[in-house]
Structure formats: C-alpha cells, structure tokens
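S.K.: Dropping a prediction and its sequence here:
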Amino acid sequence: IVRLKKSSMPKLWKLDSFIKESQRFTPPGLRECMNHIGNLILTMVIASGNRVTTSDITLSTGHILPKGTRFGFAGWAIHQSATTPSFSPANNPSSKPVNEFDGLRYYNLRKIPGSENKHQYVTTSPDSLNFGHGNHACPGRFFASNEIKVVLIELLKSWDFRFKGDLEAKGG
C-alpha cells in the first residue's frame, strides 16, 4: 500500500496545474450562470470578489459608492484575456492560446526560473482571482486544494473512465 503524505502535496505540480486550469476555464458559478442567461451575455456578467459596501466609499476617480452597493470585479474576463500578464503570449510558454484549455499551462509557467512558487492552485494574484486576493483571500483554499487532490488521486487510481457514449471502451 502506498500512502500519500501531506508533504507530497506541493510536489504534484502537474495535478496542481490541471486543477488550476480547470477552475480558470470553468470558474465556480459558471454552470449556474449559463443555465440562466445566454453565452453572449455570460462574459459580461461573471464577477468575482462580490462585496457590499458597509459605508459610503469615495473612489480615486471621485465617484461615490453609497452604503449597500453591491460590486465585484471581472474575474472571468481577467482569466480569459490574452493581455493579462500571466496569459500574454510573451510571458506564457504554453503553446495554446488563453481561450483553449491547457492542463499544463501553470506547470509550464512554474518551470520558468524564479517562478517555481508562483502559479500554484492556492496562490492568489491579480491574475488568479478564484479564491479572492489580498486580505480577503479564502483562508480555506489550502484545505480545499488538498481535499480535491486526494479525491482526484483516488479516482484516477481506483476507477476506469470513458467518454459518454463510448460503449466499446475505445476512448482510452
């Protein structure tokens, strides 16, 4: 019996990359949102870091957000934009464009010297907003990451998978 140790979790760079890319490509709430609105409107609606002001806030532009205003930022647009620093062709060693799924996108970014500890699933940044960022980043993201990895490892180790409709198991 092989036992998985907690100290092994950070070493699973490829699994970590796959999970992070999966969440980037299909963020929490996307499926629910797609059931209610059309895809054309979808990219304008998906927001991350939703908050409610508890007092009036004056922005640097002079605009005022009154108490009780709901706001967020365009997380989906940031994660799908080729102009976002992590995904720009100049900084991204991935051969696939940002609008195509690449399970090893973050693995390749971490292989760049000096970036070994960046682009992890639990790492937050202005380019990676699914867990929030800054003071309000999700404190449970480390536990969630380990749980997701354990479940995926168990599924891959103990189960056989095939595509829907592949009755003859020819899909791999």
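M.R.: Structure received.
S.K.: For the rest of this, base every contact and every neighbour count on C-alpha atoms.
M.R.: Will do.
S.K.: Report the next helix or strand after the lowest-mean-pLDDT helix or strand in the chain in sequence order.
M.R.: The helix or strand of the chain with the lowest confidence, counting by mean pLDDT, DSSP states H and E, is helix 39-45 at a mean of 46. Downstream of helix 39-45, the next assigned helix or strand under DSSP states H and E is strand 48-52.
S.K.: Check which helices and strands the helix or strand just after that following strand sits against.
M.R.: Sequence order places strand 57-58 as the next helix or strand after strand 48-52, per DSSP H and E. Judged by 3 or more Cα pairs under 8 Å, 6 or more residues apart in numbering; DSSP states H and E, strand 57-58 is in contact with strand 64-65.
S.K.: Quick check: K20 touching T123?
M.R.: No. With contact defined as Cα atoms under 8 Å, K20 does not reach T123; the gap is 9.7 Å.
S.K.: neighbour-wise, which of those two wins?
M.R.: Neighbours per residue (other Cα atoms under 10 Å) separate K20 from T123, with K20 holding more: 26 against 19.
S.K.: name the element the more buried one belongs to?
M.R.: helix 13-25.
S.K.: same thing with E154?
M.R.: Assigned by DSSP H and E, E154 belongs to helix 141-158.
S.K.: Kindly report the same for F71.
M.R.: strand 70-73.
S.K.: Now the element after that strand, going C-ward?
M.R.: Moving toward the C-terminus from strand 70-73, the next element (DSSP H and E) is helix 75-79.
S.K.: circling back: list the buried residues of the helix holding K20.
M.R.: 13, 15-21, 23-25 (16 or more other Cα atoms under 10 Å).
S.K.: quick one: low-confidence ranges for this structure?
M.R.: 1-2, 28-47, 94, 171-172 (pLDDT under 70).
S.K.: quick one on the thing from earlier: can you add distance to R70 and give the buried residues of helix 13-25 back as CSV?
M.R.: Listed next are the buried residues of helix 13-25 as CSV, based on distance: Cα to Cα, whole Å:
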residue, distance to R70
W13, 37
L15, 35
D16, 33
S17, 32
F18, 32
I19, 30
K20, 27
E21, 28
Q23, 24
R24, 23
F25, 25
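S.K.: Which of these sits closest to S48?
M.R.: Using Cα to Cα, R24 is the member of those that lies nearest S48, at 11.9 Å.
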